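In: Got a sequence here, can you model it:
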Amino acid sequence: MDLHVESKGSGRDLVLLHGWGMNAGVWDEIAHELASHFRVHCVDLPGHGASSGECCTLDALADALAVALPESVTVCGWSLGGQVALNWALRAPHQVERLVLISSTPRFVNGMQWEYGIDAAVFDGFARELAGDCRAVLQRFLVLQTRGDTDARELLRRLRARLSACGEPGVAALAATLRILQVTDLRAILPRIAQPALILHGARDAITPLAAGQYLQRSLTRAALEVFAGAAHAPFVLQPQLTTRRIMEFCGEQ
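Out: Okay, the predicted model is just below:
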């Protein structure tokens, strides 16, 4: 796979990983702010944005990131990007110094002893419909991300704008990464991740409920949780200044 990485700023290296169906453009506003303090690397996941190829597993993606990015980084992952960040931290503890997990979860789908996600039927429906109309699936997923937010209409407008600005991913890339969402369960590995972690979570998240963020805080060895009141699944989009400030505080840059 050929990962597209856009880097800006100077200082310690900070990697930003987007969620399913999106691209690195979703970080534009906070990346600009953070670049005053860090060397910021905005990554397009395989088949998304300007990156080519597909990714079948979290392990393959973590290994590709390890090769493409500097030897010592803080990794900030949103949603699917948070799962990628967790797995990367476990596989390359010498490289990943800190984690920022936004709207993240060890498991997206409800199942055995896990009720902090969404019904499997939702993702199963997305998977069936991708080949027929992937654009419609993406739009429904965007709406789901905004559900419950105090300014859902504005959040949806911004997410749509950022998706269209960089182009929608193809069916193959969407299917491959959707499969990761469907099958991944990281609960068993969380106690083995020793890096400091900052968990930022929307109080009204309908995709990864706040209980999932609380579970991460309890299960990771060195984690702090901050809840964004009134926010759904993408709190950093409408609250970029607060997100930036918390990341800077966590990394000792303020």
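In: how about the helices of the protein, start to end?
Out: Remark: helices assigned in the chain by DSSP state H are 28-34, 58-68, 80-91, 120-130, 134-146, 152-166, 171-183, 210-219, 235-238, 240-250.
In: What helices and strands are in contact with the second one?
Out: Under the contact criterion of 3 or more Cβ pairs under 8 Å, 6 or more residues apart in numbering; DSSP states H and E, the helices and strands touching helix 58-68 comprise helix 80-91. Bear in mind the C-beta positions are built from the backbone N, C-alpha and C, glycine included.
In: Need the contact partners of the helix it packs on.
Out: With Cβ atoms under 8 Å, 6 or more residues apart in numbering as the test, helix 80-91 has contacts from 16-20, 45, 58-59, 61-63, 65-66, 75-77, 95-96, 99-106, 177, 180-181, 184, 186, 189-190, 192-193, 195.
In: ok now it, how far from the chain's centre?
Out: 9 Å (Cα atoms, centre = their mean, to the nearest Å).
In: Stretch 245-254 now?
Out: Its chain's C-alpha centre and that of stretch 245-254 lie 19 Å apart, by Cα atoms, centre = their mean.
In: Kindly report the same for stretch 154-162.
Out: Centre to centre, stretch against its chain (Cα atoms, centre = their mean), the figure for stretch 154-162 is 16 Å.
In: Select, out of the helices of the chain, the one closest to Glu6.
Out: With Cβ to Cβ as the measure, helix 28-34 is the member of these nearest Glu6 (8.4 Å).
In: OK, contacts around the closest residue to Ala92 other than its chain neighbours?
Out: Computed as Cβ to Cβ, 6 or more residues apart in numbering, the closest residue to Ala92 that is not its neighbour in sequence is Ala66, at 4.9 Å. Neighbour list for Ala66: Trp88, Arg91, Ala92, Gln95 [criterion: Cβ under 8 Å, 6+ apart].
In: buried sites along stretch 190-208?
Out: Neighbour-count burial for stretch 190-208, counted by 16 or more other Cβ atoms under 10 Å, picks out 190, 193, 195-208.
In: Nearest to Ile247, out of these: which one, please.
Out: Among the buried residues of stretch 190-208, Leu198 lies closest to Ile247 (Cβ to Cβ), at 7.1 Å.
In: how about the helices of the chain in CSV, adding distance to Asp2 and mean pLDDT?
Out: Shown next, in CSV, are the helices of the chain (distance: least, Cβ to Cβ, whole Å; pLDDT from 0 to 100):
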stretch, distance to Asp2, mean pLDDT
helix 28-34, 21, 94
helix 58-68, 9, 93
helix 80-91, 17, 97
helix 120-130, 23, 90
helix 134-146, 21, 92
helix 152-166, 16, 90
helix 171-183, 13, 91
helix 210-219, 31, 98
helix 235-238, 27, 96
helix 240-250, 28, 96
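In: got a list of what Gly170 touches?
Out: Counting by Cβ under 8 Å, 6+ apart, Gly170 makes contact with Gly47, Cys134.
In: Look up how far Ala161 lies from it.
Out: Here the criterion is Cβ to Cβ, to the nearest Å. By it, Gly170 lies 20 Å from Ala161.
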